[in-house]
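# Following is a predicted model, sequence given first.
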Amino acid sequence: MFAISLGDDGAVLCPLEPWQAEELLAHIDRGREFIGQYNGLPEVLGDLDACRAFLRTYAEKVASDTGHLYGIRTDGTLVGAVFFRTMDIAQGTAEVGCWLEPAAAGKGLVTRAVRVLIDWAVEVRGIHRVEWWAAAENLPSIAVARRLGMTRDGVARQSYPYRGKRHDMEIWSVLAPEWRAQRSADR
């Protein structure tokens with residue numbers, strides 16, 4: 001399996017596959033409440049069978065070229081993930097997302113990992129628009145979108161029912177020409 005370095009701290013990005021279900025469950029268990037603040041995934045991934053099914057879904061998305069899932073590891077331990085929840089190659093659009101367990105938060109891991117994903121989507125796959133959806137209350141997620149140079153497109157008001165409350169979702173995006181210009185300026 002390949003691993004892409006995310007910097008000098010030893011963090012790496014690598015695929016998450018069905019055979020890693022036990023590791024995914026252990027990771028989710030370590031961060032269940034933290035991850036679940038704005039993300040319903042921990043409620044879905046309650047046991048080993050659910051983790052296997054989730055990873056199989058993403059293996060099928062990879063096979064059909066409609067999504068991808070990558071783990072973030074530090075010192076060999078799975079501490080988070082970034083993913084293309086959706087990819088539509090014909091339309092040139094993709095939605096990227098993430099989650100982290102608490103021990104990994106605040107270290108720039110998501111920003112670095114998503115940069116790798118967007119670079120690949122734009123330069124290799126020809127994606128024109130990459131979206132980032134975040135609950136309006138999820139300030140760390142919105143900060144990632146800003147650090148990635150995304151533009152806030154708007155708010156889908158009360159569009160996300162979660163834990164008995166309707167949440168506003170902010171939609172952020174970056175277009176391929178903007179991404180390329182930003183990456184050129186960074187070099």
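Alright, I've got the coordinates.

# all helices for the protein, in order.
According to DSSP state H, the chain carries its helices in the segments 21-35, 41-44, 48-64, 109-123, 139-147, 176-186.

# Those helices into CSV, with extra columns for mean neighbour count and mean pLDDT?
(Each C-beta comes from the backbone N, C-alpha and C, glycine too.) Formatted as CSV, the helices of the chain follow (neighbours: other Cβ atoms under 10 Å; pLDDT from 0 to 100):
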stretch, mean neighbour count, mean pLDDT
helix 21-35, 17, 95
helix 41-44, 14, 92
helix 48-64, 16, 97
helix 109-123, 20, 96
helix 139-147, 17, 95
helix 176-186, 13, 90
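
# Of all the ones you listed, which one is nearest Glu131?
helix 139-147 (9.6 Å; Cβ to Cβ).

# Now do the same contact list for Ala113.
Going by Cβ atoms under 8 Å, 6 or more residues apart in numbering, Ala113 touches Leu6, Leu13, Tyr70, Ile72, Gly80, Val82, Cys98.

# Phe83 and Leu41, how far apart?
10 Å (Cβ to Cβ, to the nearest Å).

# anything in contact with each of the two?
Common neighbours of Phe83 and Leu41 (Cβ under 8 Å, 6+ apart) do not exist.

# quick one, what contacts the closest residue to Gly80 other than its chain neighbours?
Leaving aside its sequence neighbours, Gly80 sits nearest to Leu100 (Cβ to Cβ, 6 or more residues apart in numbering; 3.6 Å). With contact taken as Cβ under 8 Å, 6+ apart, Leu100 is in contact with Gly31, Phe34, Ile35, Ile72, Val79, Gly80, Leu109, Val110.
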